[in-house]
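K.L.:
Pasting a predicted model and its sequence here:
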Amino acid sequence: MRAAIVGSTGYGGVELIRLLQAHPYVDITSVISSSSAGAPIADGYPHLSEIRTDALDAVDVALMKEKADVVFLATPHGVAAKLVPQLLEAGLKVIDLSGDFRLRSAAEYEAWYKHAPADEAYLAKAVYGLCEVYGDRVHGADFISNPGCYPTATLLGLIPAVAAGWIDPATIIVDAKSGVSGAGRGVSLGVHYSEVNENLSAYKVNRHQHIPEIEQTLSDVAGSKIVTTFTTHLVPMTRGIMSTIYASVMGGAGARSEADFIALYRDYYKGRRFVRIRPQGKLPATKEVWGSNYCDIGLAVDARTGRVTIVSVIDNLVKGAAGQAIQNLNLMMGWDETTGLQFVPAYP
Ligand SMILES: NC(=O)C1=CN([C@@H]2O[C@H](COP(=O)(O)OP(=O)(O)OC[C@H]3O[C@@H](n4cnc5c(N)ncnc54)[C@H](OP(=O)(O)O)[C@@H]3O)[C@@H](O)[C@H]2O)C=CC1
Ligand SMILES: CC(=O)N[C@@H](CCC(=O)OP(=O)(O)O)C(=O)O
């Protein structure tokens, strides 16, 4: 299958290149840039020297139609909203890594993202590609909206307990942390080395664009409206997301033990190769999934407070972006979902 990558000069795009290079059924036939067409991609990314010798193509739908079967969009919010209708009309399959098609409501998108929303007819065509939960819908689809990085870690950590009714949804609090590559390659004061190094800061409190995405999916799973407190923090590391989640156990801690929760999660994710549930007494760390498509989850129940603590970790650029996008392609095409993604996390 031939793949084109729009936004190939960004962190999400260049991670797609790294992973797709090793995919047995995919050839990258076009790497695309809106600002540097004609330049060799290795100019901006010397680690690709002698691996990708091709020059960047311009953003041109007719050219994509000629050169590719599937287009990955790793572009800033607002770009896919305009491009996707043209790509779908051209008969291309599309996987969008941005937030443009994740929310079903155009008004909610506008309120949280501060961009003009996509046409509602196309919003309705998007399949939300949280693979372990909606894999059946992805199978055979032509257009996938890849979940956000924080929502991937947070939703995979919460959904089994919410679906089973084991936690009180009104008490959910999510304390999330990300490495700096989550902000993309663009330079700004907030990601400047001396602002981030030896520092830990909360940001976008009560206004993060991933709040409605998390609430939309949790509400679908619960069958009733759920709102959450979700706070993001910037951590001085390159890759990795940790969502630490707190919620009250229905009926109190005596109602469900830690072993019960672990068994529930293992059962929910049975047969899913990219979610690993830690044994009792063990919690995952971001380094344990670094560079891989795994989401690792650990659970602890506090008998004193009656609350469960859920720790969920991913690599933001892999399971949080390019890896899950490829997992979605595998599911769309009916290939084994692990195709091209079977690598071990880089450690240490
Ligand atoms: N970084 C992460 O961990 C994650 C990112 N995402 C999402 O993936 C998308 C890409 O993020 P990321 O790679 O980090 O961002 P970057 O800023 O690193 O890269 C975005 C790229 O988009 C290209 N671009 C900018 N404007 C346009 C345009 N008008 N048309 C076409 N291409 C354009 C730019 O390249 P050029 O100028 O060469 O065209 C740029 O390199 C975003 O929507 C982000 O929210 C999702 C999950 C995780
Ligand atoms: C560290 C950092 O700034 N992270 C970004 C993650 C956004 C992202 O990756 O984009 P999506 O909305 O497409 O998931 C943020 O918090 O906005």
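P.N.:
Okay, I see it. Numbering: from 1, shown residues only. Ligands and ions are numbered 1, 2, ... in the order given.
K.L.:
Spatially, what comes nearest to residue 148 if we skip its sequence neighbours?
P.N.:
Distance criterion C-beta to C-beta, 6 or more residues apart in numbering; nearest residue to residue 148, sequence neighbours excluded, is residue 210 at 4.8 Å. In this view, the C-beta of every residue, glycine as well, is placed from N, C-alpha and C.
K.L.:
quick one: what helix or strand has residue 324 in it?
P.N.:
helix 323-333 (DSSP states H and E).
K.L.:
Quick one: mean pLDDT over that helix.
P.N.:
Mean pLDDT, computed over helix 323-333, is 98.
K.L.:
tally of neighbours for the residue nearest to residue 148?
P.N.:
By other C-beta atoms under 10 Å, 23 other residues sit near residue 210.
K.L.:
what do you get for the one 10 residues further on?
P.N.:
By the other C-beta under 10 Å criterion, the neighbourhood of residue 220 contains 16 residues.
K.L.:
For it, list the residues it contacts.
P.N.:
Residues near residue 220 by C-beta atoms under 8 Å, 6 or more residues apart in numbering: none.
K.L.:
That one is in what secondary structure piece?
P.N.:
Going by DSSP H and E, residue 220 is part of helix 210-222.
K.L.:
before we move on, back to that, before we move on, what's the pLDDT of the residue nearest to residue 148?
P.N.:
98.
K.L.:
Up against ligand 1, what does this protein have?
P.N.:
6-7, 9-13, 33-36, 59, 74-77, 79, 97-98, 148-149, 181-182, 184-186, 316-317, 320-321 (C-beta under 6 Å from any ligand atom).
K.L.:
how much space between the nearest residue to residue 252 once chain neighbours are set aside and ligand 1?
P.N.:
Once flanking residues are discounted, residue 252 sits nearest to residue 306: 4.5 Å by C-beta to C-beta, 6+ apart. Distance of residue 306 to ligand 1, given as C-beta to the nearest ligand atom, to the nearest Å: 34 Å.
K.L.:
Residue 306: how many residues sit nearby?
P.N.:
19.
K.L.:
In the protein, mark out all the helices, start to finish.
P.N.:
11-20, 41-44, 61-67, 79-89, 106-113, 120-123, 131-138, 149-164, 193-196, 210-222, 258-268, 323-333 (DSSP state H).
K.L.:
Turn these into a markdown table, including distance to residue 244.
P.N.:
Shown next, in a markdown table, are the helices of the chain (distance: least, C-beta to C-beta, whole Å):
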| stretch | distance to residue 244 |
| --- | --- |
| helix 11-20 | 24 |
| helix 41-44 | 35 |
| helix 61-67 | 41 |
| helix 79-89 | 31 |
| helix 106-113 | 23 |
| helix 120-123 | 32 |
| helix 131-138 | 20 |
| helix 149-164 | 9 |
| helix 193-196 | 20 |
| helix 210-222 | 14 |
| helix 258-268 | 15 |
| helix 323-333 | 21 |
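K.L.:
closest one to ligand 2 among those helices?
P.N.:
helix 149-164 (4.7 Å; C-beta to the nearest ligand atom).
K.L.:
For that closest one, list every residue counted as buried.
P.N.:
In terms of neighbour count (16 or more other C-beta atoms under 10 Å), helix 149-164 has its buried residues at 149-162, 164.
K.L.:
Quick check: buried residues in stretch 54-67?
P.N.:
56-57, 59, 64-65, 67.
K.L.:
now what about it, what contacts it?
P.N.:
If you take C-beta under 8 Å, 6+ apart as the criterion, stretch 54-67 is touched by 2, 4, 6, 8-9, 29-34, 36-41, 71, 83, 86-87, 90-92.
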